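J.: 3D, please:
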Amino acid sequence: MIGENLLPLEFESINTAKETLIFELTKYEEYFGLNPESKPAHPVFGYLKKTEWDIFHRKHFEHHFLQFGINI
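T.: Reported below is the predicted structural model:
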């Protein structure tokens, strides 16, 4: 989807990236806490409910952790 090369880094440090990720995951949980029946659109998989987003996120994170040798 993005080609062979990595995209440019978005954050100036790994700590900033981690803090932003934690902030965004908190917003994600808050959103579904207020909108439990919501089905936001994924650009490839279509409209997903929270349980489906949770599965997608878990698999996506695992993929990138494995890709970069991060032990979980």
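
J.: for residue 70, list the residues it contacts.
T.: By CB atoms under 8 Å, 6 or more residues apart in numbering, the contact set of residue 70 is residue 64. The way it works is simple: take the backbone N, C-alpha and C, and place the C-beta from them, glycine included.

J.: for it, what are phi and psi?
T.: Dihedral angles phi and psi of residue 70 (degrees, to the nearest 10) take the values phi -100, psi 120.

J.: could I get the pLDDT score of it?
T.: Listed pLDDT for residue 70 reads 85.

J.: excluding chain neighbours, what is closest to residue 32?
T.: Ranked by CB to CB, 6 or more residues apart in numbering and with sequence neighbours excluded, the top spatial neighbour of residue 32 is residue 50, at 4.5 Å.

J.: so what's the residue count around that neighbour?
T.: Each residue near residue 50 was counted by other CB atoms under 10 Å, and the total is 18.

J.: which residue lies nearest the spatial centre of this structure?
T.: residue 57 (5.2 Å; CA atoms, centre = their mean).

J.: buried residues, whatever helix or strand that one lives in. List them.
T.: According to DSSP states H and E, residue 57 maps onto helix 50-67. Residues 50, 53 are the ones in helix 50-67 that count as buried (16 or more other CB atoms under 10 Å).

J.: now do stretch 16-32
T.: Those would be residue 32, for stretch 16-32 by 16+ other CB under 10 Å.
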